[in-house]
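[1] The following comprises the amino acid sequence and a computationally predicted model.
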Amino acid sequence: MFDLLPHILNGLTLGLLFALIALGFMLIVGLMEQINLAHGSLFALGAYFAMQLMGPRPPFPADLAQSWLALPLGWRYAATLILAPAAVGLVGIAIEFCMRRTYGKDPLYGLLLTFGAAMVIEEMIRLTWGTRDYVLQVPQAVNGGFIFGDLIWSTYRFYAAGIAVAVIGLVWLLIEKTSFGATVKAGAHDSEIVRALGINLTRLRLLVFVFGTMLAAIAGIIVAPIWGIRPHMGVDAVIPAFLVIVLGGVGSFWGAVVAGLLVGLAVGLSGAYASEWSLLSMYVLLVAVVTFRARGLWGKKSMLEA
């Protein structure tokens, strides 16, 4: 059992990160019933923006850049966790404006539009930063490792898992304990009734989409030191995110969280015995669950089934 402990902890950590990546995807699918294929590219964009802010040449005027670089690394990192998602949120606003013509129509239109947006963002990343790999600087306090039980453990992985738990908890509080969350759930259940009650559904969709893109950016920043920063890292994120949403059930918050943990454990434990099966195991898990529950663990009927 002790030999399996590193693989179990690695699987739980990876599962929390998968759940974090899938959260924004789940909100957009749940309320807007649109599959946002640009989610992975926005995830990557968040990592690149963070890398630029944490690097030696921040995107500020000369005087402001000098003041920014004079700040301690920890303060810059904390500010980056706010500034980079905010910048990605502006990109999300532009994409949502383009998507408005697809609302109420076949979800395939929104899927194709966001696929095109993903290609544009990925190509812009290549043109701006090139195709080389980058590393995101993190504060020394969360870098390095420690020894426990004759094993070396990554400090940053535990930090990333803690941040994922905190973000998941905050999103749950927002959805379950605030009037905004109640409106979002009502809009996902019956958008016509929400509109009849005088709620601006267009603004609600915009807020949810921007919030989803900012969550994607936060996930990109947190995962970047583990996966590395490269143009196609968005593909590595959107496929597990889509798998987690299908496995947990479209629109289900806790379904996405539990599915993320299950996928992470499947990858971690299969890697303990056959590393070549580690990535394949998530697809095997999906097939096993969907065979018996076509809508996933907690899924409900949605317009995507029409």
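    Cool, got the structure. Numbering: from 1, shown residues only.
[2] Pretty sure Gln140 sits against Thr155.
    No. Gln140 sits out of contact with Thr155 when judged by CB atoms under 8 Å, with a separation of 9.8 Å. In this view, the C-beta of every residue, glycine as well, is placed from N, C-alpha and C.
[3] which of those two has more neighbours?
    For Gln140 and Thr155, the more surrounded residue by other CB atoms under 10 Å is Thr155, and the numbers stand at 15 against 10.
[4] what's that one in contact with, if anything?
    Shown here is Thr155, whose contacts under the criterion CB atoms under 8 Å, 6 or more residues apart in numbering are 142-146.
[5] Gly55 too?
    Gln137.
[6] and with 10 Å instead?
    Shown here is Gly55, whose contacts under the criterion CB atoms under 10 Å, 6 or more residues apart in numbering are 69, 134-137.
[7] Please check the contacts of Thr155 and keep the buried ones.
    In terms of neighbour count (16 or more other CB atoms under 10 Å), the buried residues within the contacts of Thr155 are Val142.
[8] of the contacts of Thr155, closest to Ala22?
    For Ala22, the nearest member of the contacts of Thr155 is Val142. The distance, counting by CB to CB, is 23.2 Å.
[9] where does the closest residue to the closest one other than its chain neighbours land on pLDDT?
    Nearest residue to Val142, sequence neighbours excluded (CB to CB, 6 or more residues apart in numbering): Tyr159, at 4.2 Å. Here the pLDDT value assigned to Tyr159 is 91.
[10] Double-check Tyr159 against Phe146; I have them as touching.
    No. Under the criterion of CB atoms under 10 Å, Tyr159 makes no contact with Phe146, lying 11.7 Å away.
[11] Going along the chain, name the helices of the stretch 101-250 of the chain.
    According to DSSP state H, counting those that start in this stretch, the stretch 101-250 of the chain carries its helices in the segments 107-129, 155-177, 179-189, 191-196, 201-227, 233-248.
[12] Output whichever helix or strand comes after the last one as CSV, restricted to C-alpha atoms.
    Following helix 233-248 in sequence order, the next helix or strand is helix 253-273 (DSSP states H and E). What follows is the C-alpha trace of helix 253-273 in CSV, where atoms were taken according to Å, rounded to 0.1, in the frame of the first residue of the first chain:
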residue,chain,number,x,y,z
PHE,A,253,-20.8,20.7,-10.8
TRP,A,254,-20.0,17.8,-8.5
GLY,A,255,-20.1,15.4,-11.5
ALA,A,256,-17.2,17.4,-13.0
VAL,A,257,-15.3,17.3,-9.7
VAL,A,258,-15.8,13.6,-9.1
ALA,A,259,-15.1,12.7,-12.7
GLY,A,260,-11.9,14.7,-12.6
LEU,A,261,-10.7,12.8,-9.5
LEU,A,262,-11.7,9.5,-11.1
VAL,A,263,-9.8,10.3,-14.2
GLY,A,264,-6.8,11.4,-12.2
LEU,A,265,-6.8,8.3,-10.1
ALA,A,266,-7.2,6.1,-13.3
VAL,A,267,-4.1,7.8,-14.9
GLY,A,268,-2.1,7.7,-11.7
LEU,A,269,-2.8,4.1,-10.7
SER,A,270,-2.5,2.7,-14.2
GLY,A,271,0.9,4.5,-14.5
ALA,A,272,2.1,2.5,-11.5
TYR,A,273,1.7,-0.8,-13.4
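[13] From what I see, Ala161 and Phe18 are in contact.
    No. With contact defined as CB under 10 Å, Ala161 does not reach Phe18; the gap is 11.3 Å.
[14] The two: who's more crowded?
    When neighbours are counted by other CB under 10 Å, Phe18 comes out ahead of the other of Ala161 and Phe18, with 28 against 20.
[15] Tell me how far the residue nearest to Val142 lies from Ile226.
    Tyr159 sits 10 Å away from Ile226, taking CB to CB, to the nearest Å as the criterion.
[16] Quick one: low-confidence residue ranges for the stretch 51-200 of the chain.
    In the predicted model, the stretch 51-200 of the chain carries pLDDT under 70 at residues 188-191.
[17] if you set the cut-off to 90 instead, what comes out?
    By pLDDT under 90, the low-scoring segments of the stretch 51-200 of the chain are 55-62, 65, 99-111, 131, 137-158, 174-200.
[18] Need the nearest residue in space to Phe180, chain neighbours excluded.
    Leaving aside its sequence neighbours, Phe180 sits nearest to Leu174 (CB to CB, 6+ apart; 6.7 Å).
[19] Can you get me a residue count around the one you found?
    Neighbour count for Leu174, taken as other CB under 10 Å: 14.
[20] now Ser154
    For Ser154, the count of nearby residues is 17 (other CB under 10 Å).
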